[in-house]
Every structure is written in C-alpha cells, then in structure tokens.
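Asks: Next input, structure requested:
(4 chains)
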Protein chains: 2
Amino acid sequence: MPKISKNSEGVSKKEEILNAAIILFAEQGFSNTSITEVAKATNASTANIFYHFKTKEELFLAALQNVKEGIISHFDEYFKDREFENGLQMMEEIIAYYLYIAGAMEQWFLLLHSHYPYRLALVNEVCREHLEKTYNSLVEIFEKAVVKGKEDGSIADVDSRKTALVIFSMIEGVVRFKIYNLYDSGVLFAELIKSCNKILKYKE
Amino acid sequence: MPKISKNSEGVSKKEEILNAAIILFAEQGFSNTSITEVAKATNASTANIFYHFKTKEELFLAALQNVKEGIISHFDEYFKDREFENGLQMMEEIIAYYLYIAGAMEQWFLLLHSHYPYRLALVNEVCREHLEKTYNSLVEIFEKAVVKGKEDGSIADVDSRKTALVIFSMIEGVVRFKIYNLYDSGVLFAELIKSCNKILKYKE
DNA sequence: GATAAAACTGATTAGTCAGTCAGTGTTTAG
DNA sequence: CTAAACACTGACTGACTAATCAGTTTTATC
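Replies: Okay, here's the model as predicted:
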C-alpha cells in the first residue's frame, strides 16, 4: 500500500518536518519539544526525522538557518523596486514593515528571542554564524536608512552605526513585548515613530 | 551522624535550593534544568526539594517571586534618601542603575527574558501576577522620572506613560543584547542616554 | 529528657527522552 | 527490467525524568 504524501506538491517531507520544528521550537523551546512531537505533527516516524537530521540539535540549526534565510529574503523582497522619499521616511517604513513581519512570522522572532540559540552559539560555530548573519543583516537595514537620511538631509549628523543599533534595540524591545504578550505593539507604534524621529532629527 | 549545614548562618536549606534554582533556571531554562541538578548543586536529596516545593513548577514560581521581590527591593533601596536635580537627570541615573543591576544580577534578567514564564502566565494566574507586578513596577519608575521632568521643565510635554514605555522597551532591548552576548551595553550606553535625552527634550 | 513537629533521605516507580538498527518500500537511472 | 540510491518504518534501548513514600534524623518546646 503506497503512502500518498499529504503535500499536494513541492513540499517534501524533510521541509514539512523542518517547518513543524520551527513552530514547535519557537512556541515551546528546544528542550520542551520532543522529536516525538515533531513526528506526530508531520505524520512521520521518529526514525525518519533522524534520517533527515542527524541529531535534534542539527534539526534546530536547520530551523535557525531557515529563519535566517526567511528574514533576509523577506527584506530583500521588500526593498526590491521600492523607492523612498528620504532616509527618515525610509526608516519609518522599515520599522512598520519590521513590526508587520514580527507579527506575521511570529515563530521566526520567537525562535530568535529564545535563550537556547545564544547558549548554543557559545559552543557551536554554525549557530553563532547564523545569529551573527541574521543580526548584522537587520542592523544594516536600519543603518542604510540613517546613511541615506544623512545624505539627503532628513537625518542629522549622528553616528550611523550606533544610532541604528539603538533604534534596532528599541524595536526589538517592542517586538519582545508583543510576542511575549506584555504590551501591544499597535498601541506603541505611533509613539515609537515619534521617538525615532526625534532621535534622528536632532543632533544632541 | 548529624549533618552540618554548609551555610554558616541565616540561609536555610530552602533558601539555598531557591537560589540555586534561580541560577539554573536562568542559565539553562525550565525544561532543561532537572530537579536532580538542583539537588546536586545544593547537596540535597530530590525528595527534600519536593518536601519544600510541591512541584517543579512551584519551585519555578517561587524563583520568579524571588526575582520580582529582589528587583523591586533593589530599586526601593536605590531611591531611598536619593535626590535628583530634575526629571531628566533622574531618568539618566535610573537607566544607569538599570543597566548596572542587569549586569550585577544577570540571573534575574535572564529568567525574566526566558520564554517559559510568559507561556506559563497564559494558564497560571500566580505567574501572570508576578510578571505584571514586576513590569508595572519597572515602567512606573521610568514614568515617575518623566512626570517629575515635566513638572520641573527639564522634559517636554510628552505622554508620560507611553514615553516611559518606549524608553523602557529601548533599555530592555539593550539588556537583552547584553545578556544574550550580542552587543555590549557599555558601548551603547552613551548613545542610549543621548537618544533618551532627545526623546524627552523635544515635543515632536 | 520526653514529645511532637519539621527537615531530610534512599529506594523506587511509571513514564519519557534522543538515538539506533535491521529491514521494507519507493524512486530513479541506465 | 534491474540495480542502486533514497525514503521510510517498527521495535527497541539505556539513560534520564518528576514525583512518591515509608522511614530516619534533627530541632524546638515544655
């Protein structure tokens, strides 16, 4: 009796397993998610998961890589054929898109906000590289807006990198409040943009 | 043969267990920390831990309560007999103290930044109350500075609560970068204060 | 120094965990 | 059509898990 794959097309069992793993690791954490759970969610045997991914840790690293690539490609897509009035306007739209993605792809940000990958990064180079690449790409996006704004005059003469980092950490703080159900980012959005404008428009 | 307690004075076995639990839960997470580990760290039997704390979850809740009380009492102590020039100055000193405490008592903030308590809060009222109380106390501190600054003229006519929330999320973002070893908060400190000043000194 | 309450332990249990392995079905390429 | 590579499974293992319990030791009180 041949088993017909649930996926009508394109999505292999391996991808199906990976996608389920991202959601489960994000929602429940690494230690609290068992391979059996991933297996149940995908109608696979645990042995099959270990056939595709050598260990549970490797499955997690694949999930992290997937998240990294997802975030980067989403932003690449967003910037494609998009023009911005000026740097300040660009920053505002980036923040709006960041908060949108953090809501739409909450699993990605839950995974990135969990403690496990940062502990793993201390002993695992691959993990460290995924995290570094992800964060560098994100900070770079903010930095680009600052540099552009300084050129077109919409942003004051501030330190591009440091200002980008502070704004990024402000957004990440709000994203954390949102995904941990502490405060709603919608309520804070207008205030966030206002604060961001002040940081960018004034030199001290 | 009477067993002499390791603690020369004051610290009971129960407290010893609780302190070890805070550190282990903070560093390794709830699921990845076993009662056996806590037992080994305190030279106690697992049965004794279950004698003092009915379940592993209750031990975690006690740890969270301890963190809550620790943070609140540290800030209470900090404000005791302390005068501030004005609201803006007060804010700067609060931020400095916040970052200091987040470094000195890193376990507390690691515990508060882990995902587990926020998941638990969805189904456990006690947990929810601990988290709410902790965050309300912290936001209130920032809000007090804004209110004071608006009174003495050092801070512009901004929305006190919302501005406090945005600044708080900015600080929490930086704290997260610090405790997850992403960026050093020392490098960002000066920039943080500058940005904060701009947010507070200008009305749009 | 007797008594009771509190603190503590060793041994155990039922269950879950990541990971293995020998073997079966399925796809693909010549 | 065949052979090899690939995808997949059921049954299993040894290590670990939270929690229990009957019984012992320590402490506090009179």
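Asks: helices and strands around the least confident helix or strand in chain A by mean pLDDT, which ones?
Replies: When the helices and strands of chain A are scored by mean pLDDT, DSSP states H and E, helix A:185-201 comes last with a mean of 93. Other elements packing on helix A:185-201 under the criterion 3 or more CB pairs under 8 Å, 6 or more residues apart in numbering or on different chains; DSSP states H and E are helix A:87-104, helix A:160-179, helix B:160-179, helix B:185-201. C-betas here are computed from N, CA, C, even on glycine.
Asks: which is the next helix or strand following the first one?
Replies: To tie it back to what came earlier, the one meant is helix A:87-104. helix A:106-113 (DSSP states H and E).
Asks: now that next one, how far from the centre of its chain.
Replies: 6 Å (CA atoms, centre = their mean, to the nearest Å).
Asks: Show me the contact partners of that helix.
Replies: A:22-23, A:25-27, A:63-64, A:67, A:70-71, A:101-102, A:117, A:131, A:134, A:175-176, A:179-180, B:115, B:176 (CB atoms under 8 Å, 6 or more residues apart in numbering or on different chains).
Asks: Run through chain A and note the low-pLDDT ranges.
Replies: A:1-10 (pLDDT under 70).
Asks: If we use 90, what do you get?
Replies: For chain A, residues meeting the criterion pLDDT under 90 lie at A:1-11, A:81, A:183-187, A:203-204.
Asks: What residues sit buried inside the lengthiest helix in it?
Replies: Assignment by DSSP state H gives helix A:125-152 as the longest helix of chain A. Across helix A:125-152, burial judged by 16 or more other CB atoms under 10 Å in any protein chain shown covers A:127-128, A:130-131, A:134-135, A:138-139, A:141-146, A:148-150.
Asks: May I have the least confident helix or strand of chain A exported as PDB, CA atoms only?
Replies: In PDB, the C-alpha atoms belonging to helix A:185-201 read as follows (Å, rounded to 0.1, in the frame of the first residue of the first chain):
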ATOM      1  CA  SER A 185       2.900  47.000  19.800                       C
ATOM      2  CA  GLY A 186       0.000  48.600  18.000                       C
ATOM      3  CA  VAL A 187      -0.600  51.000  20.900                       C
ATOM      4  CA  LEU A 188       3.100  51.900  20.900                       C
ATOM      5  CA  PHE A 189       3.600  52.200  17.200                       C
ATOM      6  CA  ALA A 190       2.900  55.900  16.900                       C
ATOM      7  CA  GLU A 191       5.000  56.700  19.900                       C
ATOM      8  CA  LEU A 192       7.800  54.600  18.500                       C
ATOM      9  CA  ILE A 193       7.900  56.500  15.300                       C
ATOM     10  CA  LYS A 194       7.800  59.800  17.100                       C
ATOM     11  CA  SER A 195      10.700  58.800  19.300                       C
ATOM     12  CA  CYS A 196      12.600  57.600  16.400                       C
ATOM     13  CA  ASN A 197      12.100  60.800  14.500                       C
ATOM     14  CA  LYS A 198      13.400  62.800  17.500                       C
ATOM     15  CA  ILE A 199      16.500  60.600  17.700                       C
ATOM     16  CA  LEU A 200      17.200  61.100  14.000                       C
ATOM     17  CA  LYS A 201      16.300  64.700  13.500                       C
END
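Asks: Just checking the distance from the longest helix of chain A to the centre of its chain.
Replies: With CA atoms, centre = their mean, you get 12 Å for helix A:125-152.
Asks: Can you name every helix or strand that it contacts?
Replies: By 3+ CB pairs under 8 Å, 6+ apart, helix A:125-152 packs against helix A:56-79, helix A:87-104, helix A:116-121, helix A:160-179.
Asks: Out of those, indicate the one that is most buried.
Replies: helix A:160-179 (a mean of 23; mean count of other CB atoms under 10 Å in any protein chain shown).
Asks: Does that one reach chain B?
Replies: Yes: remark: helix A:160-179 sits within contact range of chain B at A:162-163, A:165-174, A:176-177, by CB under 8 Å from any CB of the partner chain.
Asks: Now tabulate these in a markdown table and tack on distance to residue A:186.
Replies: Formatted as a markdown table, these follow (distance: CB to CB, whole Å):
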| residue | distance to residue A:186 |
| --- | --- |
| A:162 | 28 |
| A:163 | 25 |
| A:165 | 25 |
| A:166 | 22 |
| A:167 | 19 |
| A:168 | 20 |
| A:169 | 20 |
| A:170 | 16 |
| A:171 | 14 |
| A:172 | 17 |
| A:173 | 15 |
| A:174 | 10 |
| A:176 | 15 |
| A:177 | 11 |
